[in-house]
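Enquirer: Starting from these lines, generate the structure:
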Amino acid sequence: MATNARTREIADHAREEVDAWFEASGDKGLLRLLTCGSVDDGKSTLVGRLLYDSRLLLDDQLATLESESRKAGGEGGLDFALLVDGLAAEREQGITIDVAYRFFATERRKFIVADTPGHEQYTRNMATGASTADLAIILIDARKGVLTQTRRHSFLVHLLGIRHIVLAVNKMDLVGHEQARFDEIVADYAEVAREIGVAGFTAIPMSAKLGDNVVIQGPNMAWYQGPALLEHLEGVAVGGPSAGIAPFCMAVQWVNRPDQDFRGYAGTIASGRVRPGDSVTILPSGRTTRIARIVTADGDLDEAGTDQAVTLTFADQVDCSRGDLVAAAGGANVADAIDASLVWMGEAAMVPTRPYWLKLGTQLVSARIARVDAVVDVNALEDRRGFTLRLNDVGRVRIDLDRPIAALPYAESRALGGFILIDKATNATVAAGMIGSFPETAAAAQIHADRIYWAAGTDEEDRAARASRLQARLGLGGRSAFVLGEAEMREGIGRDLGGDATALARRAGDVARLMSRAGVTIILAVPVPDGFSVPGSIVGPEADNARPVEDWII
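Expert: Prediction:
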């Protein structure tokens, strides 16, 4: 009995320690960073040294590192790059090919590091690592100074919205730890930063191989009075106060309907704060309502902010689906065209007239690249004329969409301003894009933006007749349309709803939204109950005769 009691006591104590560790870890901030620079500047060695000197490696990892270092040969000692370079080709060539992610934590902060390749041919891999980073460590070999790839990576880092830059002048041991050489490199890079538009950077001289100024300040560069790299990483402030005062925006990821009495809209808040009672708009439809509840697994909240995952309920029965945006007034733009910067990642060149899928958050629309305004010569930091984009090219383009989307410029929100282009034939991601602005010619989202029409009428026969006339008039204008009638709904996907007119209208709206997103114009000949907020346009006796149907067509 005493043995069992002692076992329970040990288990309870261990559980308390684990719970305390998780609670303490949860209070630490998270910093996402990447390392980039030219080939053989020591990026992987730096990450490995950070892990080693921070005493964050397990015994089996140290044993493996020692074994692999002996096999690799080299100049003796531990080869810290082996902690990060996992591909056989990387170890054979001593370079990074793919993006390697590593997680570690100190007493002050948690970190996710993306070690990115230096070769120009792997620029797209570097852009992938930079897309989620808050800080970039740009390495420079002290012997070589600022190189073409330094300029390229600095431009991409700035383009992808990273505003915290550390200039790590590595291999200072190979230039005699000379301050004059460090100052010369910093001055050269400052000129590059000015051309690109980088507001500021932190320069640190170091030797990743020897550990100088990585975790602690070494004895070899007493002239440097700044922080070691890890100290700087633990203290740098990311996010800033603007995230809390920006207008509220949340993309709907999932409609939560556990039973007939609850309908919630789940997502992660992209910006701003929200409270019950706040007025919001559903985009791109433009319908307005108020927040009724903010629901989480731990109970309802009185307020929620940026990066919190919540489920919102509305005070009114409004149409809202996955892919829609819930936003405060002025919280997002709605447009059917965008001006953007593209990093082309496809092996095949971009075809301007070819349709691609554009995915922004939970929104998926068909898109065509209307024109290439410029192809950026990243090496010379100049724009040149071009009509297409090839692998690793960066270009400024105009993109036309088949229907409006809700978005923000990338400079204001990564979540609502960054997108990818997908090849419709192969489903391969061919480009990463950043929205710059919205053309004045882009159509605002009106209530008819999703190509959905509701044929109003006094009875089923009247609605069917009006839908038929509208379908014919659209056909004369070269626009085919599909009619979904009340009888088809009740005999098909709505047969389980009985006489519930509101549920029937809601389900018809859901079907229409899905079809409109596939580019189909749909006419619903289904009754609209009083107080029901429909997606699309109601075409009734007045609207049908007041203006030509072309005015209703996007």
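
Enquirer: For this structure, give me the ranges with low pLDDT.
Expert: Within the chain, the segments meeting pLDDT under 70 span 1-4, 6-7, 10-27, 56-98, 118-123, 239-245, 440-450, 476-479, 517-519, 531-554.

Enquirer: show me what contacts the spatially most central residue of it?
Expert: In the chain, the centroid-proximal residue (Cα atoms, centre = their mean) is A415; its distance is 4.4 Å. Counting by Cβ atoms under 8 Å, 6 or more residues apart in numbering, A415 touches C249, A251, T268, A270, S271, G361. Backbone N, C-alpha and C define where each C-beta goes, glycine included.

Enquirer: redo that, cut-off 6 Å
Expert: Contact analysis of A415 by Cβ atoms under 6 Å, 6 or more residues apart in numbering lists A270.

Enquirer: D53 now?
Expert: So D53 contacts G211, V215 (Cβ under 6 Å, 6+ apart).

Enquirer: what helices or strands is the helix or strand encompassing S341 leaning on?
Expert: Assigned by DSSP states H and E, S341 belongs to strand 333-344. The contact analysis (3 or more Cβ pairs under 6 Å, 6 or more residues apart in numbering; DSSP states H and E) places strand 333-344 against strand 394-407, strand 429-437.

Enquirer: Could you dump these into CSV and include mean neighbour count and distance to V528?
Expert: Below are the helices and strands packed on strand 333-344 laid out as CSV (neighbours: other Cβ atoms under 10 Å; distance: least, Cβ to Cβ, whole Å):
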stretch, mean neighbour count, distance to V528
strand 394-407, 22, 22
strand 429-437, 20, 35
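
Enquirer: Tell me which of those strands approaches Q179 most closely.
Expert: Closest approach to Q179 among the helices and strands packed on strand 333-344 is made by strand 394-407 (35.4 Å; Cβ to Cβ).

Enquirer: can you pull the alpha-carbon coordinates of whichever helix or strand comes after the closest one into PDB?
Expert: Next helix or strand after strand 394-407 toward the C-terminus (DSSP H and E): helix 414-417. What follows is helix 414-417, C-alpha atoms only, in PDB (Å, rounded to 0.1, in the frame of the first residue of the first chain):
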ATOM      1  CA  ARG A 414      -0.300  39.500 -44.300                       C
ATOM      2  CA  ALA A 415      -3.300  37.300 -43.700                       C
ATOM      3  CA  LEU A 416      -5.700  39.400 -45.900                       C
ATOM      4  CA  GLY A 417      -3.100  40.600 -48.400                       C
END
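
Enquirer: Let me know the angle separating the strand holding S341 from strand 394-407.
Expert: 150 degrees (axes from the mean of the first three to the mean of the last three Cα atoms, to 10 degrees).

Enquirer: Neighbouring strands - and their directions - for strand 333-344?
Expert: strand 394-407 (antiparallel), strand 429-437 (antiparallel) (DSSP bridges).

Enquirer: closest one to I452 among these?
Expert: strand 394-407 (10.5 Å).

Enquirer: What lies in contact with that closest one?
Expert: Contacts of strand 394-407 (Cβ under 6 Å, 6+ apart): 283-284, 325, 332-334, 336-343, 360, 363, 365-376, 378, 389, 416, 435, 445, 449, 519.

Enquirer: Can you list the buried residues in stretch 161-173?
Expert: Buried residues in stretch 161-173, defined by neighbour count with 16 or more other Cβ atoms under 10 Å: G161, I162, H164, I165, V166, L167, A168, V169, N170, K171, M172, D173.

Enquirer: all helices for the stretch 101-250 of the chain, in order.
Expert: 123-130, 148-159, 179-196, 229-235, 242-245 (DSSP state H, counting those that start in this stretch).

Enquirer: right, and those helices - which one's nearest S38?
Expert: helix 148-159 (4.0 Å).

Enquirer: Buried ones in the closest one, by neighbour count?
Expert: For helix 148-159, by 16+ other Cβ under 10 Å, it's Q149, T150, R151, R152, H153, S154, F155, L156, V157, H158, L159.

Enquirer: Can you tell me what sits against it?
Expert: Counting by Cβ under 6 Å, 6+ apart, residues outside helix 148-159 touching it are C36, S38, A127, A130, A136, V192, I196, V198, S341, V378, N379.

Enquirer: Sort out which one of the residues you listed lies nearest D298 for me.
Expert: Out of these, the member with the shortest distance to D298 (by Cβ to Cβ) is A130, at 34.0 Å.

Enquirer: Quick check: closest non-adjacent residue to the closest one.
Expert: L160 (4.5 Å; Cβ to Cβ, 6 or more residues apart in numbering).

Enquirer: And for G197?
Expert: H158 (6.1 Å).

Enquirer: distance of that neighbour from S437?
Expert: Going from H158 to S437 by Cβ to Cβ, to the nearest Å gives 17 Å.

Enquirer: what does R414 give?
Expert: From R414 over to S437 (counting by Cβ to Cβ), the distance is 16 Å.

Enquirer: Any chance you could list what contacts stretch 502-518?
Expert: By Cβ under 6 Å, 6+ apart, stretch 502-518 touches 319, 321, 450-452, 489, 494, 497, 522, 524, 526, 528-529, 532, 535.

Enquirer: Identify the farthest-apart pair in those.
Expert: Most distant of the contacts of stretch 502-518, by Cβ to Cβ, are R451 and L497, 24.6 Å apart.

Enquirer: for the stretch 401-550 of the chain, what spans make up the helices?
Expert: Using DSSP H, counting those that start in this stretch, helices in the stretch 401-550 of the chain cover 414-417, 460-476, 486-491, 501-517, 541-546.

Enquirer: could those be laid out in a markdown table, adding distance to K144?
Expert: Shown next, in a markdown table, are those (distance: least, Cβ to Cβ, whole Å):
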| stretch | distance to K144 |
| --- | --- |
| helix 414-417 | 32 |
| helix 460-476 | 64 |
| helix 486-491 | 69 |
| helix 501-517 | 51 |
| helix 541-546 | 69 |
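
Enquirer: hey, which of those is tucked in deepest?
Expert: Counting by mean count of other Cβ atoms under 10 Å, helix 414-417 has the highest mean neighbour count of the helices of the stretch 401-550 of the chain, with a mean of 22.

Enquirer: start to end distance for stretch 163-181?
Expert: Terminal residues of stretch 163-181 are spaced 26 Å apart (Cα to Cα, to the nearest Å).

Enquirer: same question, stretch 399-415
Expert: Note: stretch 399-415 ends 19 Å apart using Cα to Cα.

Enquirer: ditto for stretch 377-395
Expert: 9 Å.

Enquirer: Kindly report the same for stretch 194-202.
Expert: End-to-end span of stretch 194-202 (Cα to Cα): 14 Å.

Enquirer: buried ones in it?
Expert: Here stretch 194-202 shows I196, V198, F201, T202 as buried, counting by 16+ other Cβ under 10 Å.

Enquirer: which among the residues you listed gets closest to Q217?
Expert: Using Cβ to Cβ, the buried residues of stretch 194-202 come closest to Q217 at T202, 14.7 Å.

Enquirer: residues in contact with that closest one?
Expert: Per Cβ under 6 Å, 6+ apart, neighbours of T202: V166.

Enquirer: Could you give the bridge partners of it?
Expert: V166.

Enquirer: Return the distance of it relative to N213.
Expert: Taking Cβ to Cβ, one finds T202 at 12 Å from N213.

Enquirer: do the same with R513
Expert: 56 Å.

Enquirer: Kindly report the same for E178.
Expert: Counting by Cβ to Cβ - E178 and N213 are separated by 15 Å.

Enquirer: more crowded one of these two?
Expert: N213 (27 against 14; other Cβ atoms under 10 Å).

Enquirer: Name the nearest residue to the more buried one, sequence neighbours excluded.
Expert: M206 (4.1 Å).

Enquirer: List the contacts of that neighbour.
Expert: Neighbouring residues of M206 by Cβ under 6 Å, 6+ apart: A168, N170, D212, N213, V214.
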